[in-house]
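S.K.: Here is my input, please return the structure:
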Amino acid sequence: MKLQFIEAGQIVTTHGVRGEVKVLPWGDSPEFLKGFHRVRIGGNEYQVESCRSQKSCNLLKLRGVDSMEAGEALRGKTVEVYRQDADPELIFAAELMGMRVVCGNQELGKITDVLDYPGNMVYVVTGEHEYMIPAVKQFVLSTDLDSNLMQVAVIEGMRSDED
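M.R.: From the prediction side, this is the model:
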């Protein structure tokens with residue numbers, strides 16, 4: 001299901017005396033946050049004046065956060081991006097949680113977890129049985145966020161409770 005806001009990282013500290021905050025991003029890379037001109041923190045919208053990468057983090061300068069004390073007040077808070085500002089082709093793990101999964105005409109269950117492995121992600125589908133489905137085109141045939149439905153192909157060994 002499409003979400004209005006996507007959690008994108010956490011503010012871990014301040015940077016400098018002019019209110020910049022250091023964000024530990026939860027996406028694939030710090031580059032992801034550079035594409036957004038506004039974020040949501042603690043239920044409030046902030047305009048992003050600048051965003052730059054520093055190692056594995058982002059340094060954000062937010063309009064209205066102009067001192068180290070103002071930045072410190074945001075420490076520990078989650079940074080969310082607006083879904084409508086993201087590429088419509090992107091599918092976020094949070095949007096997959098609870099999605100119905102079918103193989104042909106058989107309903108397998110719902111996605112209960114998304115595991116991030118080095119090679120690819122794996123969807124944990126729980127229903128009458130539990131399935132571990134690699135998130136690759138060979139097995140994930142279609143994903144429809146609007147109808148909250150994923151069509152998959154299952155092969156032997158994907159059912160985790162098989163003997």
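S.K.: now the helices for this structure?
M.R.: Along the chain, counting by DSSP state H, helices occupy 68-72, 93-96.
S.K.: Contact partners for residue 18?
M.R.: With contacts taken as C-beta atoms under 8 Å, 6 or more residues apart in numbering, residue 18 has the following neighbours: 61, 66, 67, 68. Using the backbone N, CA and C atoms, a C-beta is placed for each residue, glycine as well.
S.K.: Would you list the buried entries among these?
M.R.: Neighbour-count burial within the contacts of residue 18 applies to 61, 68; the criterion is 16 or more other C-beta atoms under 10 Å.
S.K.: circling back: now render the helices of the chain as a markdown table, adding distance to residue 150 and mean pLDDT.
M.R.: Supplementary listing: the helices of the chain in a markdown table, determined by distance: least, C-beta to C-beta, whole Å; pLDDT from 0 to 100:
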| stretch | distance to residue 150 | mean pLDDT |
| --- | --- | --- |
| helix 68-72 | 40 | 96 |
| helix 93-96 | 8 | 93 |
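S.K.: Which one, of those, ends up nearest to residue 1?
M.R.: With C-beta to C-beta, the closest approach to residue 1 among the helices of the chain belongs to helix 93-96: 6.2 Å.
S.K.: picking that back up, wait, which of the helices of the chain is closest to residue 115?
M.R.: Each of those has some distance to residue 115 by C-beta to C-beta; the shortest is helix 93-96, at 9.5 Å.
S.K.: Counting by contacts, list what the least confident helix or strand in the chain by mean pLDDT packs against.
M.R.: Among the helical and strand segments of the chain, the one scoring lowest on mean pLDDT, DSSP states H and E is helix 93-96, with a mean of 93. When contacts are defined as 3 or more C-beta pairs under 8 Å, 6 or more residues apart in numbering; DSSP states H and E, helix 93-96 sits against strand 5-15, strand 106-116.
S.K.: from the ones you listed, which stretch is densest packed?
M.R.: Ranked by average neighbour count under the criterion mean count of other C-beta atoms under 10 Å, the helices and strands packed on helix 93-96 are headed by strand 5-15 at a mean of 19.
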